[in-house]
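Enquirer: okay, predicted coordinates and the sequence, questions at the end:
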Amino acid sequence: MKKLASPAALSERADRIARRSRAGNWKKPPRRIETSECITCDSCLRGCPAEFGAVFDLGLDVVIVPELCSGCPACVLECPVDCIYVDEDWSPTDDAMWNHIELTAESAA
Ligand code: SF4
Ligand code: SF4
């Protein structure tokens, strides 16, 4: 079962969403999902700790938002097809996705 996140940890996630940037003290690069290999099973989404909440199922694709991903990498252990890779050259998330994330965060509050 997923461990419950502390209110402080969840508030740090909310802060990252508001700032649209990664935590400055994260040393590991984020992860990315190779969509051509992914079978959209959502195991990674369920496995990502709530304080990070970095995985989103967009319907056709499951994606990791690099600004929310600590690179921990709990999701990698859950993926049945090993399609979650280190993403050293990650690109910033676009505004449309941030708007989606903000709506998701509001509905969960
Ligand atoms: S590496 Fe960790 S924080 Fe990033 S998506 Fe996977 S489980 Fe979530
Ligand atoms: S666990 Fe792997 S196969 Fe399943 S949705 Fe995540 S990345 Fe895709």
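Expert: The structure has been received and is ready for your questions. Ligands and ions are numbered 1, 2, ... in the order given.
Enquirer: show me the strands in this protein, by range?
Expert: All strands of the chain, identified by DSSP state E, fall at 31-33, 55-57, 62-64, 84-86.
Enquirer: among those strands, which comes closest to residue 106?
Expert: Closest to residue 106 of the strands of the chain, according to C-beta to C-beta: strand 55-57, at 14.5 Å. The C-beta positions use only the backbone N, C-alpha and C, and glycine is treated the same way.
Enquirer: buried residues of that closest one, list them for me.
Expert: Buried residues in strand 55-57, defined by neighbour count with 16 or more other C-beta atoms under 10 Å: 55-56.
Enquirer: got a list of what residue 14 touches?
Expert: Residues in contact with residue 14 (C-beta atoms under 8 Å, 6 or more residues apart in numbering) are residue 105.
Enquirer: for the chain, what lies in contact range of ligand 1?
Expert: Taking C-beta under 6 Å from any ligand atom as the test, the list of the chain residues beside ligand 1 reads 31, 47-48, 52, 54-55, 64, 69-75.
Enquirer: buried ones in the helix or strand bottoming out on mean pLDDT in the chain?
Expert: Here the helix or strand of the chain ranked lowest by mean pLDDT, DSSP states H and E is helix 95-108, holding a mean of 89. Within helix 95-108, the residues that count as buried by 16+ other C-beta under 10 Å are 97-98, 101.
Enquirer: looking at those, which is nearest residue 8?
Expert: Distance to residue 8, by C-beta to C-beta, is smallest for residue 101 among the buried residues of helix 95-108, at 19.9 Å.
Enquirer: how many other residues sit next to the closest residue in space to residue 74 that isn't next to it in sequence?
Expert: Nearest residue to residue 74, sequence neighbours excluded (C-beta to C-beta, 6 or more residues apart in numbering): residue 47, at 5.0 Å. Close neighbours of residue 47, defined as other C-beta atoms under 10 Å, add up to 17.
Enquirer: thanks again, I'm all set now.
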